[in-house]
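S.K.: Mind folding the following:
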Amino acid sequence: QVQLVESGGGLVQPGGSLRLSCAASGGILDYAIGWFRQAPGNEREGVSCISDGIAYYLDSVKGRFTISRGSAKNTVYLQMNSLKPEDTAVYYCARGYRSSRCLKGDMDYWGKGTLVTVSS
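M.R.: Have a look, this model is predicted:
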């Protein structure tokens, strides 16, 4: 059984930064890890994925967000810079099968999410 816990969300002004963390209780080293977000009234969308050492990003966050694995290998981070109001959402991390591109259907474990609010 794998448990994923997100942290690091909060209220930030436009242009600000946050770093989200996804801490895993079980093995994630050999699996893809994805960050997703869901805004009120919207479907959950993939934001970023790290799989086989390759990082993938939603077009709207390219150049602003960076996904990385921690040195302890059981944590994955999402550094978010130049935040915009449209980035406001609950952010979730999830584990996918090895070599997955982090499509929602590929993910087998999900965290409960952390809220990011970008507002002045």
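S.K.: What does the pLDDT read for residue 59?
M.R.: Looking at residue 59, its pLDDT reads 97.
S.K.: and the gap between it and residue 16?
M.R.: Per C-beta to C-beta, to the nearest Å, residue 59 is found 21 Å from residue 16. Backbone N, C-alpha and C define where each C-beta goes, glycine included.
S.K.: Compare the two and say which is more crowded by neighbours.
M.R.: The neighbour count for residue 59 versus residue 16, taken as other C-beta atoms under 10 Å, is higher for residue 16 (15 against 6).
S.K.: which residue ranges form the helices in the protein?
M.R.: In the chain, no helices are defined using DSSP state H.
S.K.: isn't residue 97 right up against residue 109?
M.R.: No: Residue 97 is not in contact with residue 109 according to C-beta atoms under 8 Å; the separation is 10.9 Å.
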